[in-house]
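> my questions concern the predicted model and sequence given below.
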Amino acid sequence: MSQTTVFDCSILQLPRVHNPAGDITAINNMQEVPFEVQRVYYLYDVPGGESRGGHAHKNLQQLIIAASGSFDLTVDDGSVKRTFHLSRPYIGLYMPSGLWRELDNFSSGAICLVLASLPYGEHDYIREYSDFLKIKKMQFVDYDKRYLDLSWNWLRDQEIKRLTMTPKFTREEQLSFFSRLSARKDYFIKGIEYEGVPVGVCGLKNIDSSSGEYWGYIGEKEYWGKGLGKIIIDFIVNHGRNLGLKKVWLKVDSENQRAIRSYEKYGFTMIDSGSVKIYEYKL
């Protein structure tokens with residue numbers, strides 16, 4: 001999910017052709033709207049006092065228009081909230097991805113028209129506000145020399161080493177691995193920051209035309225149990241989807257019950273129940 005703010009929203013004045021018999025507004029892909037429209041939907045007959053929305057999107061962009069009547073759209077970037085009042089069918093609000101939104105104060109007969117950049121996909125929604133706030137605090141950054149040095153220390157911790165099933169390696173082997181990273185097409189790696197603090201690493205390995213193997217860990221133990229694992233998995237799964245993969249799979253030690261519960265809750269299916277379990281998630 002992109003790190004957008006409420007200030008990335010913009011009010012768009014749409015073309016309005018006046019005619020005594022009735023005005024008309026036309027919207028074209030990549031012209032009046034700054035993306036290719038792949039889905040159109042509209043909300044109507046919303047009872048007085050009800051609200052809609054209450055979610056964010058990881059990738060979806062939208063143009064939201066009051067085609068009839070009026071309503072309020074409150075946008076939240078995790079730090080700042082701003083409310084827009086939409087009441088004209090030739091005025092649209094451009095909504096980039098990565099923002100929480102809520103719709104309320106619908107007038108009688110109001111119609112909320114939405115032009116969307118992607119087809120419907122439940123995987124693109126963030127439904128829980130607490131998850132949204134955690135995501136806004138996280139950044140997936142380049143795996144640079146800083147993360148290389150941190151990884152060396154993290155993976156020397158015997159508990160982390162055991163839970164991640166990391167084989168023994170030397171500093172020279174790690175440096176050699178790092179020197180070859182930029183040329184590898186079968187490997188994707190990112191550092192993880194939470195509120196600006198480096199806390200772990202994640203990625204995909206063994207990437208081929210149809211699948212990739214997920215791996216990841218939080219190296220700073222004070223951040224264990226804070227619900228960050230789901231966000232990390234989601235980031236990697238979404239990357240696999242953007243690569244056009246058909247599935248993401250992973251290996252986990254049968255004694256790592258915390259990780260197993262997390263994978264199963266997310267929707268991974270076990271395909272091998274040995275001492276090292278193998279799970280997959282179809283995209």
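Looks like it came in fine.
> which secondary structure elements does the lengthiest helix in the chain sit against?
When the chain is parsed with DSSP state H, its longest helix is helix 228-242. Applying 3 or more CB pairs under 8 Å, 6 or more residues apart in numbering; DSSP states H and E, one finds that helix 228-242 contacts helix 129-137, strand 138-141, strand 188-194, strand 197-205, strand 211-218, strand 247-253, helix 257-266. Placement of C-beta: from N, CA and C, glycine included.
> next, the angle from it to helix 257-266.
Per axes from the mean of the first three to the mean of the last three CA atoms, to 10 degrees, the angle that helix 228-242 makes with helix 257-266 is 50 degrees.
> list the contacts of helix 228-242.
58-59, 123, 131, 134-135, 138, 140, 188, 190, 192, 194, 199-200, 202-204, 212, 214, 216, 218, 247-248, 259, 262-263, 265-266, 281, 283 (CB atoms under 8 Å, 6 or more residues apart in numbering).
> at 7 Å instead, please
58, 131, 134-135, 138, 140, 188, 192, 194, 202-204, 212, 214, 216, 218, 248, 262, 266, 281, 283 (CB atoms under 7 Å, 6 or more residues apart in numbering).
> narrow those to just the buried residues.
58, 134-135, 138, 140, 188, 192, 194, 202-204, 212, 214, 216, 218, 248, 262, 281, 283 (16 or more other CB atoms under 10 Å).
> list the contacts for Gly227?
Taking CB under 7 Å, 6+ apart, we find Gly227 in contact with Lys134.
> look up phi and psi at it.
With angles defined as degrees, to the nearest 10, Gly227 sits at phi 80, psi 20.
> for it, give its distance to Gln3.
Distance of Gly227 to Gln3, given as CB to CB, to the nearest Å: 19 Å.
> cool, and Cys112?
Distance of Cys112 to Gln3, computed by CB to CB: 26 Å.
> one more: Gly49?
34 Å.
> between these two, which has more neighbouring residues?
Counted by other CB atoms under 10 Å, Gly49 and Gln3 do not tie: Gln3 has more neighbours, with 12 against 8.
> which elements pack onto the helix or strand bottoming out on mean pLDDT in the chain?
Lowest on mean pLDDT, DSSP states H and E among the helices and strands of the chain sits strand 52-57, with a mean of 92. Judged by 3 or more CB pairs under 7 Å, 6 or more residues apart in numbering; DSSP states H and E, strand 52-57 is in contact with strand 100-104, strand 125-126.
> C-alpha coordinates for stretch 120-127, CSV please?
Written as CSV, here are the backbone C-alpha positions of stretch 120-127 (Å, rounded to 0.1, in the frame of the first residue of the first chain):
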residue,chain,number,x,y,z
TYR,A,120,-13.5,-5.9,-7.5
GLY,A,121,-11.0,-8.0,-5.4
GLU,A,122,-11.5,-8.7,-1.7
HIS,A,123,-7.8,-9.0,-1.3
ASP,A,124,-7.4,-5.3,-2.0
TYR,A,125,-9.5,-4.2,1.0
ILE,A,126,-8.3,-3.3,4.4
ARG,A,127,-11.4,-3.8,6.6
